[in-house]
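In: Fold the following, please.
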Amino acid sequence: MVPGKVMSTDLSNDMKAATVQGGEVTIMTEGGVTVDGAKVVQADLEADNGVIHAIDRVIMPKDEAESTLEKPKDH
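Out: Sure, this is the predicted structure:
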């Protein structure tokens with residue numbers, strides 16, 4: 001989730017956006033819009049509290065995703 005109201009017309013290729021969790025996502029616009037590799041399938045859905053861009057997969061925060069992938073240590 002990115003704070004503010006960002007419409008598809010505001011996007012540019014290789015754009016970085018800060019998330020509300022303190023991370024960062026990369027937005028690409030060449031050959032279709034993607035956010036950290038997830039394809040935007042529907043853009044500019046306006047809601048009472050901002051705008052929604054529907055993507056084709058779940059994006060996990062990088063810190064959580066990396067820690068989930070770590071193998072347990074042998075004791």
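In: make it CA atoms for all contacts and neighbour counts henceforth
Out: OK.
In: list the buried ones in the longest strand seen in the chain?
Out: Looking across the chain with DSSP state E, the single longest strand is strand 38-47. For strand 38-47, the neighbour count (16 or more other C-alpha atoms under 10 Å) marks 38-40 as buried.
In: Which of those residues sits closest to Asp10?
Out: In terms of C-alpha to C-alpha, no member of these lies closer to Asp10 than Val40, at 14.4 Å.
In: what's across from that closest one in the sheet?
Out: For Val40, the beta-bridge partners are Ile55 (DSSP bridges).
In: Could you pull up the residues touching it?
Out: Contacts for Val40 (C-alpha atoms under 8 Å, 6 or more residues apart in numbering) come out as 32-34, 53-56.
In: ok now stretch 23-34, how far from the chain's centre?
Out: Computed by C-alpha atoms, centre = their mean, to the nearest Å, the separation of stretch 23-34 from the middle of its chain amounts to 8 Å.
In: which residues are in contact with that stretch?
Out: Outside of stretch 23-34, the residues within contact range by C-alpha under 8 Å, 6+ apart are 11-19, 35-36, 39-40, 61-62.
In: So which of those residues are in strands?
Out: Of the contacts of stretch 23-34, the ones assigned to strands by DSSP E are 15-18, 35, 39-40.
In: Now the buried members of those residues.
Out: For those, buried by 16+ other C-alpha under 10 Å: 17, 35, 39-40.
In: so can I have TSV of the residues you listed showing distance to Asp48?
Out: Converted to TSV, those look like this (distance: C-alpha to C-alpha, whole Å):
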residue	distance to Asp48
Ala17	21
Val35	22
Lys39	24
Val40	20
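In: Kindly present the buried residues of strand 38-47 as a markdown table, with separate columns for distance to Met28 and pLDDT.
Out: Output for those, formatted as a markdown table (distance: C-alpha to C-alpha, whole Å; pLDDT from 0 to 100):
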| residue | distance to Met28 | pLDDT |
| --- | --- | --- |
| Ala38 | 10 | 97 |
| Lys39 | 9 | 97 |
| Val40 | 10 | 97 |
